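Trainee: Coordinates for the following, if possible.
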Amino acid sequence: MILGEVVGRVWSEREVEGLGGTRMVMVRDQDSGAQRVAVDLLDAGTGTTVLVATDEAAAAVTGRACVDAAVVALVAGWDAP
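Mentor: Residues are numbered from 1 along each chain as shown. As a prediction, this is how the structure comes out:
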């Protein structure tokens, strides 16, 4: 799982059949700063802190084998160590 911030929305010109009708967002990892595209299951807005499931967990939650990252929670806060 990745804790990250939505930095924008992603649009596709063409996509594989398994992605049809999905909303996608760009998420910046809070720890590394790396960015990745994730399927957005919750309509997260830009600037929202989210939890992203990756790999098999993302495919399972979306029901789409081609998905390797999916927004699964909107984060209201967390305790920093």
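Trainee: buried set for stretch 41-59?
Mentor: Along stretch 41-59, these residues count as buried under the neighbour rule (16 or more other Cβ atoms under 10 Å): 41, 44, 48-54, 57-59. In this view, the C-beta of every residue, glycine as well, is placed from N, C-alpha and C.
Trainee: do the same with stretch 60-74
Mentor: 62, 64, 67-72.
Trainee: Of these, which one scores lowest on pLDDT?
Mentor: In this model, the minimum pLDDT among the buried residues of stretch 60-74 belongs to Arg64 (89).
Trainee: which residues touch the nearest residue to that one once chain neighbours are set aside?
Mentor: Once flanking residues are discounted, Arg64 sits nearest to Gly18: 4.8 Å by Cβ to Cβ, 6 or more residues apart in numbering. When the contact criterion is Cβ atoms under 8 Å, 6 or more residues apart in numbering, the partners of Gly18 are 64-67.
Trainee: likewise Glu5?
Mentor: Applying Cβ under 8 Å, 6+ apart, one finds that Glu5 lies in contact with 27-28, 30, 47-50.
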